[in-house]
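Asker: this is a predicted model, with the sequence first.
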Amino acid sequence: MRMVMMAGAVALGALSLGGCATKNFVKDQVAMVGGRVDATDNHVAAVEGTAKDALDRATAAGKLAEGKFLYSEVLSDDSMKFGVNRHELSPEAQARLDAFVEKLKTDNRNVYIEVQGHTDNTGPKTYNYQLGEERAEAVRRYLNQHGVALNRMATISYGPDAPAQPNNDRNGRQANRRVVLIVLA
């Protein structure tokens, strides 16, 4: 009988120790997984915060860049048309830009000017983008020399991508060799 009781006690002890080991194992595993979940939650919160900050900055930059459109000045009449493969300003173009500068001074506003250079579609696109940039830069330099601050102007070249007229005849191509000034508040 003693032997049976001893065997029973050993079996009961083994079961109770096995149960404790299982509970401890589960507790350890839950704690480890819980720690990973907490770390993941913290990482997700940090990423969400960074993403929100980036979105806020992008929204603010978009509002700033959007500006309030005031008016545009298209310099494409006969006085401002550029010759084929040319970016130099004619005396008539300079007189027209002088009038533009005077208008800016009389408006007495802090404005931002986007100087857009355009070309016709003859020649390689890469060359036309460069030529459009040179035309816009020629106007930008002239405006700066006559009192418009450089930090209030930016240039962009649309090359042949935004024609004012179809490029299928001489008059259309000539109309597309132009500079457009966009004035934003």
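Answerer: Looks like it arrived, so ask away.

Asker: what's the first helix or strand after the helix or strand where Glu102 lies?
Answerer: Element membership of Glu102 [criterion: DSSP states H and E] is helix 91-107. Once helix 91-107 ends, the next helix or strand along the chain (criterion: DSSP H and E) is strand 112-118.

Asker: circling back to that earlier point, what are the buried residues along the helix holding Glu102?
Answerer: Ala93, Arg96, Leu97, Phe100, Leu104 (16 or more other CB atoms under 10 Å). Heads up, the C-betas are built off the backbone N, CA and C, glycines and all.

Asker: next up, the contacts around the last one.
Answerer: Contact criterion CB atoms under 8 Å, 6 or more residues apart in numbering gives Val111, Val148, Val183 as the residues in contact with Leu104.

Asker: separation between it and Ala45?
Answerer: To Ala45, Leu104 is 49 Å away according to CB to CB, to the nearest Å.

Asker: got the contact list for stretch 84-91?
Answerer: Against stretch 84-91 from outside (CB under 8 Å, 6+ apart): 79-80, 82, 97, 120, 122-123, 131, 134-135, 137-139, 142, 177.

Asker: flag the least confident of those residues.
Answerer: Lowest in pLDDT among those is Ser79, which has 55.

Asker: assign Gln174 to helix, strand or coil.
Answerer: helix (DSSP: H, G, I helix; E, B strand; the rest coil).

Asker: distance of it from Arg141?
Answerer: Applying CB to CB, the value for Gln174 to Arg141 is 23 Å.

Asker: go on, Ser157?
Answerer: Taking CB to CB, one finds Ser157 at 15 Å from Arg141.

Asker: neighbour-wise, which of these two wins?
Answerer: Ser157 (21 against 15; other CB atoms under 10 Å).

Asker: show me the helices in the protein, by range?
Answerer: Counting by DSSP state H, the chain has helices at residues 2-66, 91-107, 125-145, 170-176.

Asker: neighbouring contacts of the shortest one?
Answerer: Applying CB under 8 Å, 6+ apart, the external contacts of helix 170-176 come out as 76, 81, 118-122, 160, 163-167.

Asker: filter the contacts of stretch 84-91 to the buried ones?
Answerer: Met80, Phe82, Leu97, Asp120, Leu131, Glu134, Arg135, Glu137, Ala138, Val139, Tyr142, Arg177.

Asker: make JSON lines out of those residues and add distance to Gly35.
Answerer: Listed next are those as JSON lines, based on distance: CB to CB, whole Å:
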{"residue": "Met80", "distance to Gly35": "70"}
{"residue": "Phe82", "distance to Gly35": "69"}
{"residue": "Leu97", "distance to Gly35": "68"}
{"residue": "Asp120", "distance to Gly35": "67"}
{"residue": "Leu131", "distance to Gly35": "63"}
{"residue": "Glu134", "distance to Gly35": "62"}
{"residue": "Arg135", "distance to Gly35": "63"}
{"residue": "Glu137", "distance to Gly35": "59"}
{"residue": "Ala138", "distance to Gly35": "65"}
{"residue": "Val139", "distance to Gly35": "63"}
{"residue": "Tyr142", "distance to Gly35": "66"}
{"residue": "Arg177", "distance to Gly35": "68"}
